[in-house]
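> here is a sequence together with a model predicted from it:
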Amino acid sequence: MSLVVGVGARRGVSAREVCDLVAAVLREAGRGPREVVALATVAAKAGEPGLVEAASLLGVPLRAHPADVLARVAVPRPSGAALAAVGTPSVAEAAALVEAARYGGCGPAGSGLLVPKRKSPCGAARVTCAVAVAYGAGRLPAGGRGYTRGDAVFELRTRR
């Protein structure tokens, strides 16, 4: 099973806070970081250093989707704050579903949330994440060349 983690974040969030929340949510779901194939977010946050570094630490790509695409996805926990900030009522859940659909090949209906939106436990939550399941064989590269180093998913590594 392949997993996509959707992430919403406030400006200036640290990679540590992102990785800590992702690790906690994966543990809660009984899953590990090796199952994660991508982090996904809204295009407005694609350059956020904490998100970029967190994806690097996880060994997966950070995929960004336009707010108008995310806004069309029905989610269980929409947010007025996200709508005001980035133009979509959902970042974490919608981004996870949209990206998981790319791996499953069936559109958002072909993927489902394994874990709905969770907020970081810090006083003022600066990160949200949700985990979606990608049903399908989206990890295998086309052309029969098998897996390559670029396809590998590495264990979550955190700085000491």
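In hand now; what should we look at?
> which non-adjacent residue is nearest residue 20?
Leaving aside its chain neighbours, residue 20 sits nearest to residue 120 (7.3 Å; criterion: C-beta to C-beta, 6 or more residues apart in numbering). (C-beta placed from N, C-alpha, C; glycine too.)
> now residue 98: which helix or strand?
helix 92-104 (DSSP states H and E).
> quick one: average pLDDT of the helix or strand that that helix is followed by?
Sequence-wise, the next helix or strand downstream of helix 92-104 (DSSP H and E) is strand 111-119. The predicted model gives strand 111-119 an average pLDDT of 86.
> and the very next helix or strand once past strand 111-119 with helix 92-104, angle?
Using DSSP H and E, the helix or strand that follows strand 111-119 towards the C-terminus is strand 127-134. Orientation of strand 127-134 against helix 92-104 (axes from the mean of the first three to the mean of the last three C-alpha atoms, to 10 degrees) gives an angle of 30 degrees.
> just checking: what are the partner strands of strand 127-134?
Strand 127-134 sits in its sheet next to strand 2-9 (antiparallel), strand 111-119 (antiparallel), going by DSSP bridges.
> can I get the CA coordinates of it in CSV?
What follows is strand 127-134, C-alpha atoms only, in CSV (Å, rounded to 0.1, in the frame of the first residue of the first chain):
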residue,chain,number,x,y,z
VAL,A,127,1.1,22.2,10.9
THR,A,128,-1.7,20.0,9.8
CYS,A,129,-1.5,16.7,8.0
ALA,A,130,-3.7,13.9,6.7
VAL,A,131,-2.8,10.6,5.2
ALA,A,132,-4.5,9.2,2.1
VAL,A,133,-4.2,5.7,0.6
ALA,A,134,-3.3,5.4,-3.1
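> list the buried residues for it?
127, 128, 129, 130, 131, 132, 133, 134 (16 or more other C-beta atoms under 10 Å).
> kindly report the same for stretch 83-101.
Quick answer for stretch 83-101 (16+ other C-beta under 10 Å): 85-101.
> please apply the same query to stretch 69-80.
Neighbour-count burial for stretch 69-80, counted by 16+ other C-beta under 10 Å, picks out 70, 71, 73, 75, 78, 79.
> alright, calling it a day.
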